[in-house]
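Colleague: Mind folding the following:
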Amino acid sequence: MTTLKKFKEQSVPPWNRAVLKVGSSLLAADEGGLSTRYALGLAQFIAACQAAGREIVLVSSGAVAAGRMLLANHADEDSSNNAARQAMAALGQTQTVALWQRLLDAPLAQVLLTHDDLRDRRRYLNARATLQELLTHKVIPVVNENDTVAIDELTLGDNDNLAAIVAALVDADLLLIATDIDGLYTADPRSGPDAKPIDVVEELTPQIMAMAGDPGSSVGTGGMRTKLEAAEKAAAAGIETILFNGRDADVVGLLSRDLLRGTRLRTNADRLQARKYWLRHVPNVPGHILVDPGAANAVVEEGASLLPKGIVTAVGHFQRGDMVEIHVDAEGDADGHHCVARGITQYGAAEIRQIAGSHTRDIEKRLGYSYGETVVHRDDLVRLEGA
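Modeller: All right, here's what the predicted structure looks like:
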């Protein structure tokens, strides 16, 4: 029998915030339900990260596997139909969170998302604000796809891709994918004894993607291909991905010391450049925010966020989460002003007209609520050439 070559030990890139995705194959017990066998080591890794001042967002599968065990007495239930799988997911969600809470001293919060939540800009901003607030209070978000309503995604093993989207959502430095295999090989190591380990992937080419085998777990819904697709999404946002064996206690222990035996998938994209490129190409809505010259200078020259104090008014109709233009009064311009930047607004047009010219501390007083001190945050803003 041919023995597979081992992955080389290498350094993990510096990071302060990471998304850790844990698949069903690491949580499902042989006899059904959930097991702490591999989850304990991963929980110790999370605790060590928190002790070092780092932040972890956990994307955890396992709900369907847990729910299947709870429905085991219903022998006549067809677990392959959508309603049954949705019921299993609903039952298993609490079991999954409870498993992690038993292993971690830090408070946990369950966050259920669907692709619709992340496609809609307002819901996207609300999800991001919630996750950021949880991390600020040292709470570990446990994210999962809302399988009870997203059955199409459930059958595609989309928690890998969800993890990549969440990594971009929370501005993570690193995406960690714990799996039941040591990393990426040139072929499926279970069927190809000559498969060679790939320690570093500089670019996800079609040749690299072709090395991914078909889904191989009986309890999960994703395979190596979805993990590479997730790494591709993360790379586009300027985020590196780490693939490692979550069943290997030594490998998990090494991660706590910023060492890896697995596959590191690099990115050629600068995180800020990737985000700015995306911002430049998001369609904007009719309407704009008119600002005074001082605010325009702070935004364009100093890279500052747009605050209500420098806003003159909002023109047109737009809502929180829309991409809008930022205009400044300019003598000699036919319209009296010109566009200097564009960005995603945290407030709708009607709300901006109410808080225009006010201090940030007066936002809640004027509106009765607040989405934060900035109208357009500098991370959601891009200046235009020639501004």
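Colleague: Now do the helices for the chain: every range, in order, please.
Modeller: Using DSSP state H, the helices of the chain run over 39-51, 63-70, 82-103, 115-119, 121-136, 151-154, 159-169, 206-210, 224-236, 249-255, 271-281, 293-300, 349-355, 363-367.
Colleague: closest one to Ser11 among these?
Modeller: Closest of those to Ser11 is helix 249-255, at 10.4 Å (criterion: Cβ to Cβ). Yep, even glycine has a C-beta here, placed from its N, CA and C like the rest.
Colleague: How about that closest one, which residues are buried there?
Modeller: Under the neighbour-count criterion of 16 or more other Cβ atoms under 10 Å, helix 249-255 has 251-252, 254-255 buried.
Colleague: what's the closest of these to Gly33?
Modeller: Val252 (22.0 Å).
Colleague: Who are the contact partners of the residue lying closest to that closest one once chain neighbours are set aside?
Modeller: Excluding its sequence neighbours, the residue lying closest to Val252 (Cβ to Cβ, 6 or more residues apart in numbering) is Gly41, at 4.5 Å. When contacts are counted by Cβ atoms under 8 Å, 6 or more residues apart in numbering, Gly41 touches 246, 249, 252-253.
Colleague: Distance to Arg383 and pLDDT for those - can I get that in CSV?
Modeller: Compiled in CSV, those are given as follows (distance: Cβ to Cβ, whole Å; pLDDT from 0 to 100):
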residue, distance to Arg383, pLDDT
Gly246, 43, 96
Ala249, 49, 96
Val252, 44, 97
Gly253, 46, 96
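Colleague: For the residue lying closest to Ile363 once chain neighbours are set aside, the count of nearby residues, please.
Modeller: Leaving aside its sequence neighbours, Ile363 sits nearest to Ser370 (Cβ to Cβ, 6+ apart; 4.7 Å). Neighbour count for Ser370, taken as other Cβ atoms under 10 Å: 16.
Colleague: Quick check: pLDDT value at Ser370.
Modeller: Ser370 carries a pLDDT value of 94.
Colleague: Please report the distance of the residue nearest the centre of the chain from Ala18.
Modeller: Here the mean C-alpha position of the chain is nearest to the C-alpha of Val166 (Cα atoms, centre = their mean), at a distance of 1.0 Å. Here Val166 is placed at a distance of 11 Å from Ala18 (Cβ to Cβ, to the nearest Å).
Colleague: what's the overlap in contacts for those two?
Modeller: Counting by Cβ under 8 Å, 6+ apart, the contacts common to Val166 and Ala18 are 57, 172.
Colleague: so can I have CSV of the contacts of Gly41 showing distance to Ala83?
Modeller: As requested, the contacts of Gly41 are exported to CSV (distance: Cβ to Cβ, whole Å):
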residue, distance to Ala83
Gly246, 31
Ala249, 39
Val252, 37
Gly253, 42
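Colleague: just those residues now: which is nearest Ala212?
Modeller: Gly246 (18.1 Å).
Colleague: mind checking how far the closest one is from Ala51?
Modeller: Distance, Gly246 to Ala51, using Cβ to Cβ: 20 Å.
Colleague: out of the two, which sits in the busier spot?
Modeller: Higher neighbour count among Gly246 and Ala51: Gly246, with 27 against 10, using other Cβ under 10 Å.
Colleague: Name the nearest of the buried residues of helix 249-255 relative to Ala90.
Modeller: Proximity of these to Ala90 (Cβ to Cβ) peaks at Val252, which lies at 30.1 Å.
Colleague: Could you double-check that that closest one sits in contact with Leu42?
Modeller: Yes. Counting by Cβ atoms under 8 Å, Val252 touches Leu42, with 6.2 Å between them.
Colleague: if I look at those two, which residues touch both of them?
Modeller: The contact sets of Val252 and Leu42 overlap at 178, 246 (Cβ under 8 Å, 6+ apart).
Colleague: contacting residues around Asn245?
Modeller: Contact analysis of Asn245 by Cβ under 8 Å, 6+ apart lists 178-183, 251, 261-262.
Colleague: let's see it at 10 Å
Modeller: Contacts for Asn245 (Cβ atoms under 10 Å, 6 or more residues apart in numbering) come out as 7, 26, 38, 178-183, 251-252, 261-262.
Colleague: Top of the residues you listed by number of neighbours, please.
Modeller: Neighbour max across the contacts of Asn245 (other Cβ under 10 Å) = Gly262, 29 neighbours.
Colleague: By average pLDDT, which secondary structure element in this structure comes out worst?
Modeller: helix 151-154 (a mean of 46; mean pLDDT, DSSP states H and E).
Colleague: okay, the buried residues of helix 249-255 in JSON lines with distance to Arg366 next?
Modeller: Shown next, in JSON lines, are these (distance: Cβ to Cβ, whole Å):
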{"residue": "Val251", "distance to Arg366": "54"}
{"residue": "Val252", "distance to Arg366": "50"}
{"residue": "Leu254", "distance to Arg366": "53"}
{"residue": "Leu255", "distance to Arg366": "48"}
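Colleague: now, which of these sits nearest Gln86?
Modeller: The closest of the buried residues of helix 249-255 to Gln86 turns out to be Val252 (Cβ to Cβ; 32.2 Å).
Colleague: follow-up on the earlier one: quick check: of the contacts of Asn245, which lies closest to Gly348?
Modeller: For the contacts of Asn245, the nearest to Gly348 is Ala178 (40.6 Å; Cβ to Cβ).
Colleague: right, and that closest one touches Gly246 too?
Modeller: Yes. At 3.2 Å, Ala178 and Gly246 qualify as touching, with contact defined as Cβ atoms under 10 Å.
Colleague: give the contact list for Val57.
Modeller: Val57 is in contact with 17-21, 111, 131, 134-135, 140-143, 163, 166-167, 169-170, 172, 175, counting by Cβ under 10 Å, 6+ apart.
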